[in-house]
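Trainee: Build me a model from this:
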Amino acid sequence: MISLIDAENFLIKDEEPTNPNYGFRPEERPIDLYLSFGVVNVDKPRGPTSHVVTTWVKRIALAEKAGHAGTLDPQVSGVLPVGINRATPALAYVTHSPKEYVGVMRLHDDIDDESLRRVLEMFKGRIYQKPPKRSAVRRKLRTREVYEVELLERDRRDVLFRLKCESGFYVRKFVHDVGLILGVEAHLDELRRVATGPFREDSTLMTLHDLEVAFEVWRKLGDESLLRRSVLPVEYVFRDFPKIVIRDSAVGAIAHGAQLAAPGVLRLSPSIKEGDLVAIFTQKGEVVATARALLSSEGILESDRGVVAKLERVFIPRDLYPKAWKAKS
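Mentor: Modelled structure (predicted):
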């Protein structure tokens, strides 16, 4: 994986060489540390629940804990990010991110393409939706955003569609409502999630079988290469976040709970606005913490003192970088 801080154009506030004696580039972490901050982009099969799939990952990795981001119904397949050990809390930042699906809608009667496309267009934007009777949440009318909906292919009454929507949107209910408006009724025949947040149906997607093979090759042959391709660094979760890169001397303080002050900032994304959730990184590309920006990018650039971001959650271990402050006598 290309370092996230190497792949972005930053505003430069200051410059300072990184100390090679502390920390690791995420892809170069010792394997035990790498796995303790690992995320698997699991290709969930149809049948088992998301909880069962997460339990299988936990057993394969011999992890103390594991957790998934965004529940998929048993009969839905596709992208299910699973965090291992210390990466598990980071998946909270994926759970409520936009989702993308490809599904098959079965119409109960014939309808022309023009009418079908017209009705699908009606569902773009913010719409009202009541969860179906068989759901894990209270059946209360609510609104959810549909960003994109597209007719991909059609075979008589079988309709292949793509849908990008806000988290918490019920695709099965969407298909049912499309059928009602068309006057022919419809049901969801098959559904696959192809994206959730930064995780997509691409080369990072791993079946449970492939994951088990990677762990077996490492344990029996000592070959880490396949395992490092199968498990992603936790930094992948924050790929699309606005970022602030800090001095090595500031990492230890933040790891112990200090707020981010202006003198600790070296580089930052140009699009940060006051109140934005940002990810704080080391110069080696390690995620340190998430925080709320107290100033915009321009304000942070111009500041030479004071707190510029309020911590929300710390991820980096406390002992990875040295303490760079003196205790009061």
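Trainee: which residues of the stretch 201-329 of the chain fall in strands?
Mentor: Assigned by DSSP state E, counting those that start in this stretch, the stretch 201-329 of the chain shows strands spanning 205-206, 232-233, 243-246, 260-261, 265-268, 277-281, 287-293, 307-314.
Trainee: need the ones you listed in a markdown table with mean pLDDT, distance to Leu160 and mean neighbour count, can you?
Mentor: Any C-beta I mention is one placed from the backbone N, CA and C, and that applies to glycine too. Formatted as a markdown table, the strands of the stretch 201-329 of the chain follow (pLDDT from 0 to 100; distance: least, Cβ to Cβ, whole Å; neighbours: other Cβ atoms under 10 Å):
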| stretch | mean pLDDT | distance to Leu160 | mean neighbour count |
| --- | --- | --- | --- |
| strand 205-206 | 96 | 20 | 20 |
| strand 232-233 | 97 | 29 | 25 |
| strand 243-246 | 97 | 37 | 25 |
| strand 260-261 | 96 | 47 | 22 |
| strand 265-268 | 96 | 42 | 22 |
| strand 277-281 | 97 | 35 | 25 |
| strand 287-293 | 98 | 38 | 22 |
| strand 307-314 | 97 | 40 | 18 |
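Trainee: Just the CA coordinates for stretch 229-242, please, in CSV.
Mentor: Listed next in CSV are the C-alpha coordinates belonging to stretch 229-242 (Å, rounded to 0.1, in the frame of the first residue of the first chain):
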residue,chain,number,x,y,z
ARG,A,229,-1.1,-8.5,1.1
SER,A,230,-4.2,-10.1,2.8
VAL,A,231,-4.3,-7.8,5.9
LEU,A,232,-4.3,-4.0,5.5
PRO,A,233,-2.7,-1.5,7.9
VAL,A,234,-5.3,0.3,10.0
GLU,A,235,-4.3,3.5,8.2
TYR,A,236,-6.4,2.3,5.2
VAL,A,237,-9.5,3.3,7.2
PHE,A,238,-8.5,6.9,7.1
ARG,A,239,-7.6,7.1,3.4
ASP,A,240,-10.2,9.7,2.6
PHE,A,241,-9.9,11.8,5.8
PRO,A,242,-8.4,15.3,5.8
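Trainee: What residues sit buried inside that stretch?
Mentor: Counting neighbours by 16 or more other Cβ atoms under 10 Å, one finds that the buried residues in stretch 229-242 are Ser230, Val231, Leu232, Pro233, Val234, Glu235, Tyr236, Val237, Phe238, Arg239, Phe241, Pro242.
Trainee: Glu235 is in contact with Leu4, correct?
Mentor: Yes - counting by Cβ atoms under 8 Å, Leu4 touches Glu235, with 5.6 Å between them.
Trainee: Now do the shared contacts for these two.
Mentor: Contact criterion Cβ atoms under 8 Å, 6 or more residues apart in numbering; residues shared by Leu4 and Glu235: Phe281, Gly285.
Trainee: Output the longest helix belonging to this structure.
Mentor: helix 208-221 (DSSP state H).
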